[in-house]
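*Asks:* build me a model:
(one chain, ligands or ions: 2)
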Amino acid sequence: MSENIFDVSNVTLRFGGVVSLNDVTLEMRRGEILAVIGPNGAGKTSLFNSLTGVYEPQEGTITFTSRDGTVMSVIGQKAHRVASAGVARTFQASRMFSALTAFENVKIGAESHRGIGVLGAMLHGPRTRRGERESDALTIELMDFVGLRDKANTISASLSYGDRRRLEIARGLATNPQVLLLDEPAAGTNPSEKLELTELIRKVRDERGVSILLIEHDMKLVMALAERLYVLNFGSVIAQGTPEEIRANDAVIEAYLGAAPTTEGK
Ligand SMILES: Nc1ncnc2c1ncn2[C@@H]1O[C@H](COP(=O)(O)OP(=O)(O)OP(=O)(O)O)[C@@H](O)[C@H]1O
Ligand SMILES: [Mg+2]
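*Replies:* Numbering: from 1, shown residues only. Ligands and ions are numbered 1, 2, ... in the order given. I've put the predicted structure just below:
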């Protein structure tokens, strides 16, 4: 079996005259915490959208290799197929159903994975009831895992930023993914929430064996968490390496042009 969970090879993605990804080649190893950093507009979210089947790059190849050895060619694949193969994500801007409770938001993730549609819910046969009990159990386990057990019945809109970010991670995990893509998981959070999120993300990998791909502007968080990094600038990979190598890389320093590495991009 391939050691890589993702292989991205010479991927180019254009929107009219805009080149969002320019000949991007990268590999992600199974079990690692990998980060993608770069200035605003560098193509980070475009890369996530390409890895999840939301965008369809015009050139190159992207393969996802499942734990059981199944290889999926992602480009041209429907997003829900990529998701059910084991790729989950969170979004840069929160996509919680704000009127629902924390519990309900995570349960939706569990049910969507199970493929219980409206019809199944209406018929409500024994299989569905069993399925529902399983979804409930998984949801409770995940609320516990992310530290939100006591806020399960809180309306999502009234959760703090940090709690909402943790809730999004729980919802991502509800689909039982092999890899979790986190798009700025600490955006809008305060320093102590950032620390808690750092620990939670590491725990997701260590205890659940989920590989982590992370986009984050907060350099302190990224450097503390990532084992390897890729740096994007204007759609191109300009550097890759360990945190130490990236910190010392002249091209990276120039791309950020003194943009104090501890400030947040947004
Ligand atoms: N659906 C789209 N249609 C047109 N252009 C797009 C689309 N998605 C992304 N782009 C363009 O691709 C480029 C890269 O955008 P992207 O959102 O990937 O950057 P990013 O690195 O995530 O930036 P940020 O740090 O601000 O989130 C930008 O010029 C953006 O305008
Ligand atoms: Mg982005």
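
*Asks:* can you give me the helices for the chain?
*Replies:* Using DSSP state H, the helices of the chain run over 44-51, 79-85, 102-114, 118-123, 126-145, 161-173, 191-208, 219-225, 243-247, 250-256.

*Asks:* touching the third one from outside, list them.
*Replies:* Spelled out, it's helix 102-114. 83-84, 96-97, 100, 131-132, 134-136, 138-140, 142-143, 148, 151-154, 156, 159, 163, 167, 170-176 (CB atoms under 8 Å, 6 or more residues apart in numbering). Placement of C-beta: from N, CA and C, glycine included.

*Asks:* what about 6 Å?
*Replies:* Applying CB atoms under 6 Å, 6 or more residues apart in numbering, the external contacts of helix 102-114 come out as 96-97, 131, 135, 138-139, 142, 148, 151-152, 154, 156, 167, 170-171, 174-175.

*Asks:* any idea how far the most centrally placed residue in the chain is from Asp136?
*Replies:* Nearest residue to the geometric centre of the chain (CA atoms, centre = their mean): Leu181, 1.6 Å. Applying CB to CB, to the nearest Å, the value for Leu181 to Asp136 is 26 Å.

*Asks:* what's the burial count for the spatially closest residue to Leu142 that is not a sequence neighbour?
*Replies:* Excluding the flanking residues, the one nearest Leu142 by CB to CB, 6 or more residues apart in numbering is Ala170, at 4.3 Å. Residues lying near Ala170 (other CB atoms under 10 Å) number 26.

*Asks:* next up, the contacts around whichever residue of the chain sits closest to ligand 2.
*Replies:* Per CB to the ion, Thr45 is where the chain lies closest to ligand 2, at 3.2 Å. The contact partners of Thr45, taken as CB under 6 Å, 6+ apart, are Gln92, Asp183.

*Asks:* and if you look at Arg166?
*Replies:* Counting by CB under 6 Å, 6+ apart, Arg166 has contacts Val146, Leu148.

*Asks:* where does the chain have its least confident helix or strand?
*Replies:* The helix or strand of the chain with the poorest confidence is helix 118-123; it has a mean of 53 (mean pLDDT, DSSP states H and E).

*Asks:* low pLDDT regions in this structure?
*Replies:* 1-2, 114-128, 257-266 (pLDDT under 70).

*Asks:* try 90
*Replies:* 1-2, 91-99, 108-135, 187-188, 250-266 (pLDDT under 90).

*Asks:* how about the residues of it that lie near ligand 2?
*Replies:* By the rule CB under 5 Å from the ion, the part of the chain lying against ligand 2 is Lys44, Thr45, Gln92.

*Asks:* can you narrow those residues to ones near ligand 1?
*Replies:* For ligand 1, the contacts drawn from the residues of the chain next to ligand 2 by CB under 6 Å from any ligand atom are Lys44, Thr45, Gln92.

*Asks:* pretty sure the first one is touching His217, no?
*Replies:* No: if you go by CB atoms under 6 Å, Lys44 and His217 don't touch, sitting 9.3 Å apart.

*Asks:* look at those two and report which has more neighbours.
*Replies:* Taking other CB under 10 Å, Lys44 and His217 do not tie; Lys44 has more neighbours (27 against 20).

*Asks:* what sits closest to that one if chain neighbours are left out?
*Replies:* Ile215 (4.6 Å).

*Asks:* which residue is the nearest non-sequential neighbour of Lys151?
*Replies:* Ala102 (5.3 Å).

*Asks:* any idea how far Gly86 is from that neighbour?
*Replies:* Distance from Ala102 to Gly86, by CB to CB: 24 Å.

*Asks:* these two: which has the busier surroundings?
*Replies:* Ala102 (28 against 22).

*Asks:* roughly how far apart are that one and Gly172?
*Replies:* On the measure of CB to CB, Ala102 and Gly172 end up 14 Å apart.

*Asks:* next one: Ala224
*Replies:* Taken as CB to CB, the span from Ala224 to Gly172 is 21 Å.

*Asks:* the two: who's more crowded?
*Replies:* Gly172 (23 against 15).

*Asks:* distance check, the closest residue to that one other than its chain neighbours against Val18.
*Replies:* Spatial nearest neighbour of Gly172, excluding adjacent residues (CB to CB, 6+ apart): Ala88 at 4.1 Å. From Ala88 across to Val18, the span is 28 Å (CB to CB).
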